[in-house]
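> Below: sequence and its predicted model.
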Amino acid sequence: MGRIKALDKLTISKIAAGEVVERPVAVVKELIENALDAGATEIVADIEDGGRKLIRVSDNGTGMSREDAEMCLKSHSTSKLGSIDDLERVHTLGFRGEALHSIGSVSTLTVTTSDNENGEGWRVRMEGGAEKPLEAAARARGSTVEVENLFYNVPARRKFIKSARSEIQAVNSMMSKMIVAYPGVAFTQTHNGSPVFKAAGAADMKERIRYIFGKDIADKVARSDGEMAGMRLEAWFTMPDLAFPNRRYQMFVVNGRVVNDKHLAAAVQVACRGLVPSGRHCMAILFLDAPASDIDPNVHPTKSEVRFLSPHDVHSLVYRTIRGRFTEPGIIEPKEILNPIKERNEPAAAGRPSSQHELNIQVPEKPERSAATESSEVHAHPFDAEAAPRPLTQSVPENRSSIRKTTAENEYREPSRIAGHDFKVLGQFFKTYILIDLDGYPMFIDQHVASERIIYNELRRKTKNSAEQLQLISEPVETPRDVYEILSRNLERAREAGLTIEPFGERAFIIRAVAHSAGPFDPVELLAAIADEIRSAPDKAPENLLTGRLLTVAACRMAVKAGQTLSHSEMDALVERYLKEEFNRTCPHGRPITHKLTREALDVWFKR
């Protein structure tokens, strides 16, 4: 007897369901897309226990007749395709006719629907793949689909479902994208009876962006439209002065379908190259409409990817549309920043935009620090105290001869003296590197990583003593909803990163204190970066490891930026503070801060 045999229908359906229904968020997505295909303008999603116990999606779409209701749970039954040729021109979100059957194979599924205004409807059910007889039911026009006990009959799959919190976060993320992708549709979502989203239909796209991402981001979003090769693009994106550490706030909508696409992501990245710092990403929402025959949506089990007939044209359209907007004269608005100022009654600078968040900070006197305190702080540092390098200013022998120039032109500033060593700032190059003369040696200092080390060290010292924090009051800072959800549950974590914040309203924060007298920084970027670090941290990460990562992120966002022009006095102050710092060989990320040119290196270069 042969070893190969045909599988029974029930096993086949469960395997097929595993491809379509990977986790609760996949079920919600399929049901939302069905509602949108039915022309719904109001969609309500009720979730319980992260979707493991119940998923209910109701809509006011066209609904189904009795005959359609009887067919809707059959395998590969659909109203969206008539022949194989229709696969070449897909105009709907769903088209395979397998979603309801697959979901019903691994849950208890109930569909209540009506295609009339008389209140006459029908109900069909499926339990673990077994269909139940059709029943009459009262229902206004539209459909309600209930999915209970997902994967109850597939233990191997159910045990891989994550916690309720993780699953509902995935659902919330997907719903956020749907809310932005379909501004004309009203969306409501609850979890365990508590409201999550209640977005009324909005004709204004910017209102939807504000609802999901917050006012502070929406106010910085620009729009640009483009056309090419029969394609139309509507792009919404933040200008270069606001960027994020990952692509979490980029979404792509192709012919109404929310997708992940490497061509679109690459085009956005190239369009922002040279304008957004390396490793950072602007927020971008792209609506691309193209001929259906030029797009293949049938390349992924969850239909989350598409294939373009001419990916080069798509790339060019995105690049030209976004890059052209960046290069228009006069479009770069002044960045809204938290601008610490040391005197409470200091008048605003002339010409300063009124939209900036003005913060008045009182800087407390720095207490005397004993040798014992210094020692304890050094050993508390994440670097090993015994192996840690000494401060840079202690590593240069004092007997080096000076090669300082003596002409009056080059003696425009007297050398400063720190710990028995002389230094003089010679200038700034490429708006990134500061050249100094340190005891006769030319040395380049990376202004960003030097500032980052200073702030990191100060945050470590001051977060241990809340009395040292700079007291300030800011205007409410609206954040994206996922950032608010994470930070509102991790206020103590934010304090460990040097920020004392308080929730304000449904999705904003008041920044009450900053543990560093940093220069201007963008509050939305900082809060989003801290939330992203908390989100990505392993569940069982050591406390000190996460605290160190949060301090590193905060220091990076508050530090002087590469490409930022500094005055001579600002360079003097930065270098002086840096040379006094401990562990000043590298930044908290491990990057070197300085590069010293020696006589030997120059001799080799000039072949002496």
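Cool, got the structure. Note that the coordinates shown come from a computational prediction; the quantities given were computed from them, not determined experimentally.

> secondary structure class for the residue positioned nearest the centre of the chain?
Compute the mean C-alpha point of the chain, and by CA atoms, centre = their mean the closest residue is R248, 3.7 Å away. Assigned with DSSP: H, G, I helix; E, B strand; the rest coil, R248 falls in the coil class.

> okay but it is in contact with A529, surely?
No. Between R248 and A529 there is no contact under CB atoms under 8 Å: 11.0 Å. (C-beta placed from N, C-alpha, C; glycine too.)

> Provide the contact partners of stretch 29-44 at residue level.
Applying CB atoms under 8 Å, 6 or more residues apart in numbering, the external contacts of stretch 29-44 come out as 20-21, 45, 55-63, 80, 92-94, 99-100, 103, 142-143, 145, 147, 174-175, 178, 182, 184-189, 201, 256, 302.

> Give me the subset of these that lies in strands.
Using DSSP state E, the subset of those located in strands is 45, 55-59, 142-143, 145, 147, 186-189.

> Which pair of these spans the longest distance?
Largest separation among the ones in strands among the contacts of stretch 29-44 by CB to CB: V147 and A186, giving 21.9 Å.

> The two: which is more packed in?
V147 (26 against 18; other CB atoms under 10 Å).

> show me what contacts F504?
P476, I510.

> same question, R210
I217, A218, E478.

> The contacts of stretch 29-44, buried ones only, as a ChimeraX selection?
Here is the ChimeraX selection string for the buried members of the contacts of stretch 29-44, based on 16 or more other CB atoms under 10 Å:
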select :20,21,45,55,56,57,58,59,60,61,62,63,92,93,94,99,100,103,142,143,145,147,174,175,178,182,185,186,187,188,189,256
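
> I'd say N172 and P195 touch.
No. Contact criterion CB under 8 Å: N172 and P195 do not qualify, at 11.9 Å.

> shared neighbours of the two, anything?
By CB under 8 Å, 6+ apart, the residues touching both N172 and P195 are Q189.

> who has more neighbours, those two?
N172 (18 against 10).

> Tell me the secondary structure at that one.
helix.

> got a list of what the residue nearest to it when sequence neighbours are not counted touches?
Distance criterion CB to CB, 6 or more residues apart in numbering; nearest residue to N172, sequence neighbours excluded, is V196 at 6.2 Å. V196 makes contact with I168, N172, M175, Q189, T190, according to CB under 8 Å, 6+ apart.

> What confidence value was assigned to the third one?
What the model reports for M175 is a pLDDT of 96.

> And the last one, by the same measure?
The per-residue pLDDT reported for T190 equals 97.

> list the contacts for it?
A45, D46, I47, V196 are the contacts of T190 under CB under 8 Å, 6+ apart.

> okay, now the second one: neighbour count?
By that I understand D46. 18.

> doesn't V28 make contact with it?
No. With contact defined as CB under 8 Å, D46 does not reach V28; the gap is 10.3 Å.

> For the contacts of T190, which two are the farthest from each other?
Most distant of the contacts of T190, by CB to CB, are D46 and V196, 10.0 Å apart.

> which neighbours do those two share?
Q189, T190.

> that older thread, so for D46 and V28, which residues contact both of them?
Counting by CB under 8 Å, 6+ apart, the contacts common to D46 and V28 are I55, V57.

> M126 contacts G104, doesn't it?
Yes. With contacts counted by CB under 8 Å, M126 reaches G104, the gap being 3.3 Å.

> Compare the two (neighbour count), which wins?
A count of neighbours by other CB under 10 Å puts G104 above the other of M126 and G104, at 28 against 20.

> which residues sit in contact with that one?
Residues in contact with G104 (CB under 8 Å, 6+ apart) are L73, M126, E127, G128, G129, E131.

> In a markdown table, list those along with distance to A222.
Below are the contacts of G104 laid out as a markdown table (distance: CB to CB, whole Å):
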| residue | distance to A222 |
| --- | --- |
| L73 | 46 |
| M126 | 48 |
| E127 | 51 |
| G128 | 51 |
| G129 | 50 |
| E131 | 52 |
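
> Return the subset of those residues lying in strands.
Residues of the contacts of G104 located in strands (DSSP E): M126, E127, E131.

> can I see the domain layout of the chain?
9-202, 206-326, 371-596 (automatic domain parsing).

> between those, which gets the lowest average pLDDT?
domain 371-596 (a mean of 73).

> D216 against E475, yeah?
No. Using CB under 8 Å, D216 is not in contact with E475, being 9.3 Å away.

> quick one, which of those two is more surrounded?
It is D216, of D216 and E475, that has more neighbours when counted by other CB under 10 Å, with 24 against 18.

> Let me see the contact set for the closest residue to D289 other than its chain neighbours.
Of all residues not flanking D289 in the chain, R232 sits nearest, at 4.7 Å (CB to CB, 6+ apart). Residues near R232 by CB under 8 Å, 6+ apart: D225, G226, L288, D289, A290.

> SS state for G50?
Applying three-state DSSP: G50 is helix.

> ok so, going back, make TSV from the contacts of V196 and add distance to N153 to it.
Compiled in TSV, those are given as follows (distance: CB to CB, whole Å):
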residue	distance to N153
I168	23
N172	27
M175	27
Q189	27
T190	27
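
> Now flag whichever of the residues you listed is closest to F429.
Using CB to CB, the contacts of V196 come closest to F429 at N172, 46.5 Å.

> and the closest one, how far is that from S194?
Taking CB to CB, to the nearest Å as the measure, N172 falls 12 Å from S194.

> V604 too?
Distance, V604 to S194, by CB to CB: 69 Å.

> what about those two, which has more around it?
When neighbours are counted by other CB under 10 Å, V604 and S194 differ, and V604 comes out ahead with 10 against 7.

> Could you check the strand or helix carrying that one and say which residues are buried?
For V604, the host element (DSSP states H and E) is helix 599-605. Residues of helix 599-605 classed as buried: none (neighbour count, 16+ other CB under 10 Å).

> Can you name the residues that contact the residue nearest to the residue nearest to the centre of the chain when sequence neighbours are not counted?
In this structure, R248 finds its nearest non-sequential neighbour in D532, 7.1 Å apart by CB to CB, 6+ apart. Residues in contact with D532 (CB under 8 Å, 6+ apart) are F244, P245, N246, R248.

> one more time with 10 Å
The neighbours of D532, taking CB atoms under 10 Å, 6 or more residues apart in numbering as the test, are F244, P245, N246, R248, D482, V483, I486, V553.

> Mind checking which of these are in helices?
D482, V483, I486, V553 (DSSP state H).

> for the residues you listed, which one is nearest A494?
Nearest member of these to A494, counting by CB to CB, is I486, at 9.8 Å.

> Could I get the full set of helices for the stretch 51-200 of the chain?
Under the criterion DSSP state H, counting those that start in this stretch, the stretch 51-200 of the chain carries helices at the ranges 66-71, 99-105, 155-158, 164-181.

> Could you say which one of the ones you listed comes nearest to H263?
Using CB to CB, the nearest of the helices of the stretch 51-200 of the chain to H263 is helix 164-181, at 18.4 Å.

> thinking again about what came up before, ok, of the contacts of G104, which come out buried?
Using 16+ other CB under 10 Å, the buried ones in the contacts of G104 are L73, M126, E127, G128, G129.

> and G590, helix, strand or coil?
In three-state terms, and counting by three-state DSSP, G590 is coil.

> how many neighbours does it have?
Quick note: G590 (other CB under 10 Å) scores 9 neighbours.

> ok, now R273?
11.

> For it, give the beta-bridge partners.
V276 (DSSP bridges).

> Now do it against Q564, distance only.
Applying CB to CB, the value for R273 to Q564 is 19 Å.
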